[in-house]
Each structure stands twice: as C-alpha cells, then as structure tokens.
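Colleague: Give me a 3D structure for the following:
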Amino acid sequence: MAARDYGQYGGVTRALELVGERWAMLIVRDLLVGPRRYGELAAGLPRIPSNILTARLKELQAAGVIRRAPHSRVIVYELTAYGRELDPVVLALGAWGFKALGDPREEQVITPDSMTMDLRTAFRQQVAASLPPTAYAARLGPAELFIRVDGSALEVRRGDGPADLAFAAGADIRRLISGELTPRRAIATGVVEVLHGPGDLLDRFASTFHLAA
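Modeller: Predicted structure coming up:
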C-alpha cells in the first residue's frame, strides 16, 4: 500500500502514489547519479529528518523503485531497472523547474549530485557532437566535479582530473547556463573564476550546457 492513496485509478495518480511523497524524487535524483550508502544520502539531503529518509527508502523499496545491495563490503541503495526509467522524468522536471529557479537564497546549497543532474539536464548532445572533446574541472560551491564531453557522450563525476579548463562558480552559474550572462561577462563580473586553462573555453562550456530560463 502506498503511503499516499488518492483514491483514483490512472497512471499519473499511481506514479504520484509511488514517488510523490516529499523527498522521494530527490532520493531518486541522487541515486540516478549512482548507488549511495544511507549516510551519503543523508549528507546529500541535509534537511531531511532521519525518520523521513528511512520511511522513504522503505516505501521506494516496497514499490520496486530501489533496492539494497552489497557493494565493497557495505550496503548501498541503488535504483532498480524500473526505478531507472524515471531518468527522463527527472531530467524533464529539472528543465521545467529551471525556468522558475530565480536567484539562490542564502541558505540554499549546491550538492555534487544535484549539480550533476542539472548539468545532465542542460547538456545539448547535438551541439557537443560538433565540438572537440573537452574536459572541465568545475568547483561549483562546495561541489567539485570533473566533466568530460566527448562528442555526444557526457561524463560527470566527483573530484577532479586533467582538464582543459578549470573554473569556480557558485549557484549563479545558472546565469551562464541560461544565457543571461555571456561567458565573457560571467568572468568579468566574477560569477565565474577561471582557475587554469584558456578562458575562451568557457564559451564552449556555455554552448554545450544551456537551458532557456
């Protein structure tokens, strides 16, 4: 039995009964990046009460969306094949929500998993396919990500690596991705700080990752 029962019969209703509870889709979002231990999920969702996280994990397991699995001598939570079918749904929700994002509030944070999914949402495969392979090391608030674009393929992972361009930014990276700021203006105003590599590559980044606000 779902935690919420709307008393209606239909696909949208059933979907919301399975993943519509508060925090459920954010748990799914983070697990789309990769399997996570309980503590990693809690750290990535700093405002979720532990009893709510436990309840959501149990509900998602019961619904067949996630499962517990052994990984390197620890137990992790991972999406099932059924759960991974939510990938395009989460990306579409991200693109839709981006239009109403607005300026960040002081208490809002960037997490590596949330930024990874935002980058996946903004990734333009057709544009990237016509550009040379490029690697970026991005420090986005506290999140450090290595981003590699090779044709239409995108790799985003935590940490760093040999990059053609390394840069730092905060939540205002939204203004570059939306096209509100040109790459040159983003650098000039301090929204983006180039750490190493040619600053002109930020134009390539902005072309590759774009969402209209």
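Colleague: Look up the residues forming beta bridges with V74.
Modeller: H71 (DSSP bridges).
Colleague: Pretty sure it sits against R37.
Modeller: Yes - with contact defined as Cβ atoms under 8 Å, V74 counts as touching R37 (5.8 Å). Every C-beta, even on glycine, is put in place using the N, C-alpha and C of the backbone.
Colleague: Comparing these two, which residue is more hemmed in?
Modeller: The neighbour count for V74 versus R37, taken as other Cβ atoms under 10 Å, is higher for R37 (14 against 11).
Colleague: ok, and the closest non-adjacent residue to that one?
Modeller: V76 (5.4 Å; Cβ to Cβ, 6 or more residues apart in numbering).
Colleague: Equivalent analysis for L154, please.
Modeller: F123 (5.1 Å).
Colleague: low pLDDT regions in this structure?
Modeller: Applying pLDDT under 70 to the chain flags the ranges 1-3.
Colleague: name the element the residue most central in space within the chain belongs to?
Modeller: Nearest to the mean C-alpha position of the chain, by Cα atoms, centre = their mean, lies M117 at 1.9 Å. If you go by DSSP states H and E, M117 is part of helix 112-122.
Colleague: which residues are in contact with the next helix or strand along the chain from that helix?
Modeller: Using DSSP H and E, the helix or strand that follows helix 112-122 in sequence is helix 125-128. Helix 125-128 is contacted from outside by 149, 151-152, 154, 207-208, 210, using Cβ atoms under 8 Å, 6 or more residues apart in numbering.
Colleague: Just confirm A163 is within a helix.
Modeller: No - counting by DSSP: H, G, I helix; E, B strand; the rest coil, A163 is not found in a helix; it is coil.
Colleague: can you give me the strands for this protein?
Modeller: 66-71, 74-79, 134-140, 143-150, 153-158, 165-169, 192-196 (DSSP state E).
Colleague: Make TSV from those strands and add distance to L181 to it.
Modeller: Compiled in TSV, the strands of the chain are given as follows (distance: least, Cβ to Cβ, whole Å):
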stretch	distance to L181
strand 66-71	38
strand 74-79	35
strand 134-140	15
strand 143-150	19
strand 153-158	22
strand 165-169	11
strand 192-196	8
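Colleague: L91: which of those strands is closest?
Modeller: Nearest to L91, of all these, is strand 153-158, at 11.9 Å by Cβ to Cβ.
Colleague: Which strands and helices lie in contact with the closest one?
Modeller: Counting contacts by 3 or more Cβ pairs under 8 Å, 6 or more residues apart in numbering; DSSP states H and E, strand 153-158 is packed against helix 112-122, strand 143-150.
Colleague: ok, back up a step: helices or strands next to the helix holding M117 in the packing?
Modeller: Using 3+ Cβ pairs under 8 Å, 6+ apart, helix 112-122 is in contact with helix 24-33, helix 38-44, helix 87-98, strand 143-150, strand 153-158.
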